[in-house]
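> Generate a structure from the sequence data that follows.
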Amino acid sequence: MPGGRLTQQERQQIALGMADGLAYAEIARRLDRPTSTVTREVMRNGGPTAYRADLAHRATERRAHRRRQAAPRGPQAPVQDRGRDTEAVREYEETFTTLLMHQGVPKMMSRVLTCLFTTDAGSLTASELAQRLQVSKASVSKAVAFLDNQGLISRERDERRRERYAVNDDVWFQSMVAAAQSNFELAETARQGVGILGPGSPAATRLENIARFMDFVGESMLRAAEQTRDVLFTKPEATSDGAATPGSDQE
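As a prediction, this is how the structure comes out:
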């Protein structure tokens, strides 16, 4: 199976496959590449509806150029690689960042959040974030202020009284609750239109159906979030043979 970076010709084949409606797995099979390679390539270069081979190739060259330029700059924050493939980790971080951006999170905020999620410690100082991301402390400050206001991170002090930024364990739970609340607000607004447009009219019926749908979705999201919240705090239990299995926290 070929390795290394995708060539421009391979990117053109990916674009043709996307235009023909082929699945990622089928495109990968034709290229003799892992499906994850094709998925990552598409997701970080516009997504399935906006992927273009020429733009993707130029974007990859720019990223490689930025990495070469960034390498000599200042001491990097210590990283515990745990034997990980550095390039694979970097590509995964780009994929995760792109996904967050597709969810509506601004780019720099997505980069900071991804950095915190993929750090074993789960928290970093502003200086460490700036070093890892190769950006200014001002950019980090703006990003963490936004994430803090959204409840996506928290601030804490370490033993040296330095301010650290940490990802909240229940960030996904809070995100689900916020999304459910947005659905309820949309349902309420739709129902207000029913009275204004006149019950029984085609427009009012349409709005009533929207309201019922959003109510159902919101309630289902809240119910699912509450039922599965403990999963976010579950730590693996050791079995008799030493293997780790999912289980509840134990003291």
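> Quick check, central residue of this protein?
What sits nearest the mean C-alpha location of the chain, by Cα atoms, centre = their mean, is Leu100, with 3.5 Å.
> Could you check which helix or strand contains it?
Following DSSP states H and E, one finds Leu100 within helix 86-102.
> same deal with Ser220?
Per DSSP H and E: helix 202-228 holds Ser220.
> what helices or strands is that helix leaning on?
helix 171-197 (3 or more Cβ pairs under 8 Å, 6 or more residues apart in numbering; DSSP states H and E). All C-beta atoms are positioned from the backbone trio N, CA, C, and that covers glycine.
> Which residues belonging to the helix it packs on are considered buried?
171, 173, 176-177, 180, 183-184, 186-187, 190-191, 193-194, 197 (16 or more other Cβ atoms under 10 Å).
> got it, and stretch 96-115?
96-98, 100-101, 105, 108-115.
> Likewise for stretch 219-233?
Quick answer for stretch 219-233 (16+ other Cβ under 10 Å): Met221, Leu222, Ala225.
> Going by distance to Ser136, which of these wins?
Ala225 (36.6 Å; Cβ to Cβ).
> Contact partners for the residue lying closest to the closest one once chain neighbours are set aside?
The shortest distance from Ala225 to any non-neighbouring residue, by Cβ to Cβ, 6 or more residues apart in numbering, is to Met176 (4.1 Å). Under the criterion of Cβ atoms under 8 Å, 6 or more residues apart in numbering, the contact list for Met176 reads Met221, Leu222, Ala224, Ala225.
> contact partners of the helix holding Leu100?
40, 43-44, 47, 63, 67, 81, 107, 109-111, 113-115, 117-118.
> redo that, cut-off 10 Å
5, 36-37, 39-47, 63, 67, 79, 81-82, 84-85, 105-115, 117-118, 132-133, 152 (Cβ atoms under 10 Å, 6 or more residues apart in numbering).
> Out of the residues you listed, list just those in helices.
36-37, 39-43, 63, 67, 107-115, 117, 132-133 (DSSP state H).
> Can you find the helix or strand of the protein with the lowest average pLDDT?
When the helices and strands of the chain are scored by mean pLDDT, DSSP states H and E, strand 244-247 comes last with a mean of 50.
> could I get stretch 168-181 in PDB with only the CA atoms?
The C-alpha trace of stretch 168-181 is given here as PDB (Å, rounded to 0.1, in the frame of the first residue of the first chain):
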ATOM      1  CA  ASN A 168     -14.400  20.800  30.800                       C
ATOM      2  CA  ASP A 169     -15.300  17.100  31.100                       C
ATOM      3  CA  ASP A 170     -19.000  17.800  30.500                       C
ATOM      4  CA  VAL A 171     -18.400  20.100  27.500                       C
ATOM      5  CA  TRP A 172     -20.400  17.800  25.200                       C
ATOM      6  CA  PHE A 173     -23.200  17.500  27.700                       C
ATOM      7  CA  GLN A 174     -23.500  21.300  27.900                       C
ATOM      8  CA  SER A 175     -23.300  21.500  24.200                       C
ATOM      9  CA  MET A 176     -26.200  19.100  23.800                       C
ATOM     10  CA  VAL A 177     -28.300  21.000  26.400                       C
ATOM     11  CA  ALA A 178     -27.600  24.300  24.600                       C
ATOM     12  CA  ALA A 179     -28.600  22.700  21.200                       C
ATOM     13  CA  ALA A 180     -31.800  21.400  22.800                       C
ATOM     14  CA  GLN A 181     -32.600  24.800  24.200                       C
END
